[in-house]
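Participant: Sequence and computational prediction follow.
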Amino acid sequence: MVACTCIVVGLVAGALSHLARSTYLATFLEANLLVVLIALMAINTTTVSVILTKMREIADAHPEVDFASTRRSMRAATLEQLVLIVVAAILLAAKGSPWLLAHVPHAAFVITSLLIAVFAYALQVLFDTAKAVYVILDHGQ
């Protein structure tokens, strides 16, 4: 569901950029998306390690609490981030292909929209991690 929402966001943002004749977002993502995704993954990995440490403290104090599904979700989020990096690299390679751009109608628009969708998805993963921090912080109160 999140992926579909991000694709719609990407298409809308891509269409608005195209209508405004703005190349800013496409140029920014082409130059920086992989670096941004890797940085977000580093931030999330560090944050998740802090959250897992706190979860261990809570589980030690309250053995009845089971964080198994939470740990699985965090592992899945890490995998999602790796997949986003690979997808972004493939899309950027496709965007750099003169043959593809010349032979596939609207290829640049579609690829740019998908790059925006990848960026939006990465931000959603970051937001989910941030929510987990607040849940942990609220637990102590």
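Facilitator: Noted; the coordinates are in hand.
Participant: For residue 21, see how far away the residue nearest the centre of the chain is.
Facilitator: Residue closest to the average C-alpha location in the chain (Cα atoms, centre = their mean): residue 122, at 1.2 Å. Between residue 122 and residue 21 the distance is 26 Å, computed by Cβ to Cβ, to the nearest Å. To be clear about C-beta, it is placed using only N, CA and C from the backbone, and glycine gets the same treatment.
Participant: hey, which helix or strand in this protein has the poorest pLDDT?
Facilitator: helix 107-139 (a mean of 90; mean pLDDT, DSSP states H and E).
Participant: How far does it sit from its chain's centre?
Facilitator: 4 Å (Cα atoms, centre = their mean, to the nearest Å).
Participant: in that helix, what's buried?
Facilitator: Neighbour-count burial for helix 107-139 flags 107-108, 110-122, 124-126, 129, 132, 136 (criterion: 16 or more other Cβ atoms under 10 Å).
Participant: who does that helix touch, helix- and strand-wise?
Facilitator: helix 2-19, helix 24-61, helix 68-95, helix 98-103 (3 or more Cβ pairs under 8 Å, 6 or more residues apart in numbering; DSSP states H and E).
Participant: just to revisit the earlier point, for the residue nearest to the centre of the chain, give me its contacts.
Facilitator: Residue 122 makes contact with 36-37, 40, 81, 84, according to Cβ atoms under 8 Å, 6 or more residues apart in numbering.
Participant: closest to residue 9 among these?
Facilitator: residue 84 (14.3 Å; Cβ to Cβ).
Participant: For that closest one, the count of nearby residues, please.
Facilitator: Using other Cβ atoms under 10 Å, residue 84 has 22 other residues around it.
Participant: And it, how far from residue 90?
Facilitator: For residue 84, the distance to residue 90 - Cβ to Cβ - is 11 Å.
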